[in-house]
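Participant: I would like to see how this sequence folds:
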Amino acid sequence: KNQIKKQEQKQEIQKDRIGYLKIDKLNLYQPLYSKDSSKNNVEENITILKESIMPTEEESIVFLAAHSGNGKIAFFEELDTLDIGDIINLEYKNTNYQYKITDIWEENKNGYIHVNKNNNKQLILTTCSPTKKNKQLIINSEIT
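Facilitator: This is a model prediction of the structure:
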């Protein structure tokens with residue numbers, strides 16, 4: 001009985017998986033789960049924020065958040081080593097979207113991210129600042 005339950009849970013998780021975030025420079029390749037999945041939370045995975053408009057949509061802007069620091073859930077631990085011009089890949093529904101970093105900044109951590117939306121599809125990564133308390137690091141990238 002337990003085996004069947006585990007199998008069902010595994011299938012449920014795989015069903016919720018909608019893609020991967022891949023950053024070669026950081027050796028990062030992590031699954032992403034649908035916005036309404038129980039696995040879409042910062043305590044277990046990289047999280048797709050609810051405000052995200054996925055890449056298949058017009059005017060797409062995807063917000064991904066994860067922990068930095070240390071530990072096995074610190075997926076964005078080395079985010080601060082990325083540079084403008086670096087490439088980020090987002091695999092979504094079996095299509096690869098390639099983004100190039102255009103801007104990197106820090107701002108107050110208050111539950112909001114201030115981003116200038118432009119006509120290109122965007123991918124925004126955010127995590128706590130590695131150096132400043134109460135700040136968040138934000139990386140803006142645009143589809144290539």
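
Participant: For the residue nearest the centre of the chain, name its beta-bridge partners.
Facilitator: In the chain, the centroid-proximal residue (CA atoms, centre = their mean) is residue 64; its distance is 2.8 Å. Counting by DSSP bridges, residue 64 forms beta bridges with residue 48, residue 125.

Participant: Surely it and residue 30 touch.
Facilitator: No - here residue 64 lies out of contact with residue 30, judged by CB atoms under 8 Å, at a distance of 9.5 Å. Bear in mind the C-beta positions are built from the backbone N, C-alpha and C, glycine included.

Participant: quick one: common contacting residues for those two?
Facilitator: Residues touching both residue 64 and residue 30 (CB atoms under 8 Å, 6 or more residues apart in numbering) are 21, 46.

Participant: which stretches of the protein form helices?
Facilitator: In the chain, the helices defined using DSSP state H lie at 2-16.

Participant: in the lengthiest strand in the chain, what counts as buried?
Facilitator: In the chain, with assignment by DSSP state E, the single longest strand is strand 95-108. The neighbour-count check on strand 95-108 (16 or more other CB atoms under 10 Å) flags 97, 99, 101, 104 as buried.

Participant: Against residue 79, how distant is the closest residue to residue 63 other than its chain neighbours?
Facilitator: What sits nearest to residue 63 in space, not counting adjacent residues and going by CB to CB, 6 or more residues apart in numbering, is residue 49, at 3.9 Å. Per CB to CB, to the nearest Å, residue 49 is found 15 Å from residue 79.

Participant: These two: who's more crowded?
Facilitator: More crowded of residue 49 and residue 79, by other CB atoms under 10 Å: residue 79, with 23 against 15.

Participant: Report the contact partners of the more buried one.
Facilitator: Residues near residue 79 by CB under 8 Å, 6+ apart: 26, 68, 125, 127, 137, 139.
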